[in-house]
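> Build me a structure from this.
(one chain, ligands or ions: 1)
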Amino acid sequence: MCGIVGYVGKQSAVPIVMKGLAKLEYRGYDSAGMAVWQKGDLKIEKTAGRLDRLEDKLKQNPINGTVGMGQTRWATHGRPSDANAHPHLDSEEKIAVIHNGIIENYMELKEMLQKEGHEFHSQTDTEVIPHLLEKYYEGDIEKALRKVLHIIEGSYALVVMHEDEPEKIVGARKDSPLIAGLGKGENFIASDIPAILEYTREIIVLNHGEMVTITEDDVTVTDLEGRRIEKDVYPVTWNAEAAEKSGYPHFMLKEIHEQPRAIKDTLAGRIEKGKTDIVLDEIEFSADYLKKLKKIYIVACGTAFHAAMVGKYLIEHFTRIPVEVDIASEFRYRDPIVDDPEDYLMIVVSQSGETADTLGSLREMNRKDVRIMAITNVIGSSVAREADDVLLTRAGPEIAVASTKAYTTQLVAFYMTAIKMGQIIGRLDNNETRDLIDALLDLPLLAQKVIDANENKIEKMAKRYSSKDDIFFIGRHLDYALALEGALKLKEISYIHAEAYAAGELKHGTLALIEKGVPVFAIATQPDIYAKMISNVQEVKAREATIIGLGTEGDQEIDKHSDETIHIAKTQKYFTTVLAVIPLQLFSYYAALERDCDVDKPRNLAKSVTVE
Ligand code: AGP
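Okay, the predicted model is just below:
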């Protein structure tokens, strides 16, 4: 996710674009830049860091012009740096491009262009676009862009300026959002409504595969063949705060609903349907290296730790390498065993990449010379900078304290890592790998299906249980790891006491707490231990608990033993967690709402715990 703003009109572009970008910093804030057409020249200013760094640079080197565009970036390719900030330019520096999304085939395009003499100055995927435009430009930037859009693969919200066509900004959309704003003698383009709400409430929403040209007195939308498209103009009724949440009442609900897109983005460019390759960015494991490993330590906190637990099950299943998962605050002080560092791998998981305990654990193992792989959502974070390998989740900024899309994209990162390791070590053949990859690619759609099929029902359910003092979550294997996450979500935003338990462990004590009417979420998505799980459900049912069953669609058995059930779409048994967590997230959200809790900012908590 990145924030994009463009302006064409009679006013100075810089203040309008900068103000708009400030409204979009929630979409990304690790670097920023602008392009402005000034008396015949395309002027660029860009920098790593937040918008105020760009503001300082623009004060030192003012740019005056009435056509300009800018970005506040959330890096997915190429760490935050001046060179990697957008806009990116062609060889002659006459074309500026700003992009939000992922160009999946950028490596092959970059190689082709380099062979033709194009020089690149960044590690971004975006930089291939201005060079492709330069290659195809024959005096018509729209025509050149249409050619380029037929060549690039992936997702984009693009805005383009050409020095020789200064009266316009051209945009295009596929997956990543892009809107145009209609003014009087001026027009706007942006990735989201908050950026332009101060100037206009008349917007045009671009659909996938559409292009737009904005000038000071016209907004023209076309398809990729150049045919004009008549678009509806929507009046925006939101206030500024509602606009930042895209109309959702809270960031948490917005981020729950962003999960299909976040999962899709995290998979993008790393796997392809029908193929067996899994590209974990620059991370390489050799078969010899993996076969030599005595143990993999996975270390994290909170929700990231729950994702790590799923990672353990799957990496052990696909590789048979022993995996030890630990919460960072314990790990860092228990003098972990590392006789020969070559025999160990550490994986740290952290959405923010700044959690003190996770960072402390990483540094502890760094001191012991153990190789460290990070799964993180923030490319420029301390964890990302200090790890040897980084696998980025592409959830975009997660604002709500309760982690949702970060968790599901961490799971997806583990799915790809575990399968890749299994493939390298020789325990997964091509057919098995292809089937697993195809199942992964179905997850975004299935996640959307789970939301659509369950949200209304869960909202009502949550209201009914919101007055309960205690709610339990039980499961086995992957469902136990999920139970932990479900309990954390509920307690941290609704303040209801919630406890997760391995279903097989209940009879060793906790069963004493189960009495008539105590709600118990029974998570039963794992076929291999399904019968055992059902008998645990019967155990708590026998104590007159109220059972909320969570199973896969078509499973009627769980219904027989539950007071009510939630069904999730069917997928490979390894991947059910990423779907089954969604109903639990929604349940927590609506229960917290019913209890008038501050959903996005729960008491006593912070989004990133940067202190011990
Ligand atoms: C999750 O809902 C919590 N907000 C919290 O447990 C969080 O997951 C934990 O603090 C770890 O944060 P990190 O992923 O940024 O390291």
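> Find the closest residue to the ligand in this protein.
Here the residue of the chain nearest the ligand is Gly302; by CB to the nearest ligand atom that distance is 1.8 Å. Where C-beta positions appear, they are placed from N, C-alpha and C, glycine not excepted.
> Residues in contact with the host helix or strand of Met107: which ones?
Following DSSP states H and E, one finds Met107 within helix 106-115. Helix 106-115 has contacts (CB atoms under 8 Å, 6 or more residues apart in numbering) with 77, 103, 120, 125-128, 131-132, 135, 151-152, 154.
> Apply 7 Å and report the result again.
120, 125, 128, 131-132 (CB atoms under 7 Å, 6 or more residues apart in numbering).
> quick one: which of the residues you listed is most hemmed in?
Val128 (28 neighbours; other CB atoms under 10 Å).
> so how far is His118 from it?
Val128 sits at a distance of 9 Å from His118 (criterion: CB to CB, to the nearest Å).
> ok so, going back, just how off-centre is the following helix or strand past the helix holding Met107 within its chain?
Of the helices and strands lying after helix 106-115 in sequence (DSSP H and E), the nearest is helix 128-136. In terms of CA atoms, centre = their mean, to the nearest Å, the centre of helix 128-136 is found 28 Å from the chain centre.
> got the buried residues for the helix or strand that comes right after helix 128-136?
Counting by DSSP H and E, the element after helix 128-136 in chain order, helix or strand, is helix 141-151. Within helix 141-151, the residues that count as buried by 16 or more other CB atoms under 10 Å are 141-142, 144-146, 148-149.
> Just give me the closest of those to Arg434.
Set against Arg434, the nearest of those by CB to CB is Leu149 (29.2 Å).
> Give me the residue ranges of this structure where confidence is low.
For the chain, the stretches with pLDDT under 70 are 1.
> and with 80 instead?
Along the chain, the model assigns pLDDT under 80 to residues 1, 25-29, 75-80, 237-243, 379-380, 606-612.
> now for the lengthiest helix in it, which elements pack on it?
For the chain, the helix with the greatest residue count under DSSP state H is helix 430-465. The helices and strands touching helix 430-465, judged by 3 or more CB pairs under 7 Å, 6 or more residues apart in numbering; DSSP states H and E, are helix 259-267, helix 405-424, strand 564-568, helix 576-594.
> so what's the most centrally placed residue in the chain up against?
Note on the chain: the residue nearest the mean C-alpha position is Ala395, at 0.9 Å, using CA atoms, centre = their mean. For Ala395, the contacting residues are 262, 377, 405-406, 409, by CB under 7 Å, 6+ apart.
> So what does it look like in phi/psi?
Note on Ala395: backbone dihedrals following degrees, to the nearest 10 are phi -80, psi -20.
> same check, this time on Val8
Backbone torsions of Val8, given as degrees, to the nearest 10, read phi -130, psi 120.
> heads up, I number from 32, so please use that
Done: numbering now begins at 32, and the last item shifts to Val39.
> Settle this for me: it is touching Gly96, isn't it.
No - applying CB atoms under 7 Å, one finds Val39 not in contact with Gly96, separated by 10.2 Å.
> Of the two, give the one with the bigger neighbour count.
Set Val39 next to Gly96 and count neighbours by other CB under 10 Å: Val39 wins out with 28 against 19.
> What residues are bridge-paired with that one?
Val98, Asn218 (DSSP bridges).
> what residues does the protein put near the ligand?
332-335, 381-383, 386, 389, 432-434, 523, 639-640 (CB under 6 Å from any ligand atom).
> closest to Ser566 among these?
Distance to Ser566, by CB to CB, is smallest for Thr334 among the residues of the chain next to the ligand, at 29.5 Å.
> Report the contact partners of the closest one.
By CB under 7 Å, 6+ apart, the residues touching Thr334 are 434, 438, 516, 519.
> check which helix or strand covers the residue lying closest to the second one once chain neighbours are set aside.
Spelled out, it's Tyr438. Leaving aside its chain neighbours, Tyr438 sits nearest to Thr334 (4.8 Å; criterion: CB to CB, 6 or more residues apart in numbering). According to DSSP H and E, Thr334 maps onto helix 333-350.
> After that helix, which helix or strand is next? Please name it.
strand 354-358.
> Which residues outside that following strand are in contact with it?
By CB under 7 Å, 6+ apart, strand 354-358 touches 326-330, 332, 336, 339-340, 343, 346-347.
> Can you flag the buried ones in these?
Buried among these by 16+ other CB under 10 Å: 327-330, 332, 336, 339-340, 343, 346.
> Redo those residues as CSV? Include distance to Leu89.
Formatted as CSV, the buried ones among the contacts of strand 354-358 follow (distance: CB to CB, whole Å):
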residue, distance to Leu89
Ile327, 47
Tyr328, 46
Ile329, 44
Val330, 42
Cys332, 39
Phe336, 42
Ala339, 43
Met340, 47
Lys343, 49
Ile346, 48
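> give me the number of residues near Glu536?
14.
> And it, how close does it get to Gly333?
21 Å.
> Same check on Tyr532?
18 Å.
> same thing with His508?
Taken as CB to CB, the span from His508 to Gly333 is 21 Å.
> between those two, who's got more neighbours?
A direct count of neighbours by other CB under 10 Å for His508 and Gly333 places Gly333 higher, at 24 against 21.
> quick one on the thing from earlier: please convert the contacts of helix 137-146 to a markdown table, extending it with distance to Asn92.
Listed next are these as a markdown table, based on distance: CB to CB, whole Å:
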| residue | distance to Asn92 |
| --- | --- |
| Phe151 | 24 |
| Asp156 | 28 |
| Val159 | 28 |
| His162 | 25 |
| Leu163 | 29 |
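> Just give me the closest of these to Gly453.
When the contacts of helix 137-146 are compared against Gly453 (criterion: CB to CB), the nearest one is Asp156, at 27.8 Å.
> What residues does that closest one make contact with?
Each residue near Asp156 by CB under 7 Å, 6+ apart is listed here: 108, 133-134, 137.
> The closest residue to Lys632 other than its chain neighbours: neighbour count?
Leaving out its chain neighbours, the residue that sits closest to Lys632 by CB to CB, 6+ apart is Val432, at 6.0 Å. When neighbours are defined as other CB under 10 Å, Val432 has 19 of them.
> Return the list of strands paired to the strand or helix carrying Ile133, each annotated with direction.
According to DSSP H and E, Ile133 maps onto strand 126-134. Strand pairing for strand 126-134, using DSSP bridges, gives strand 119-120 (antiparallel), strand 185-193 (antiparallel).
> contacts for the last one?
Contacts made with strand 185-193 from outside it, assessed by CB under 7 Å, 6+ apart, are listed as 35, 37, 66, 68, 73, 98, 100, 125-135, 160, 164, 172, 176, 200-209, 220, 222, 296, 299-300.
> Also the first one?
Contacts to strand 119-120, defined as CB under 7 Å, 6+ apart, come from residues 75, 126-128, 153, 155, 157-158, 161.
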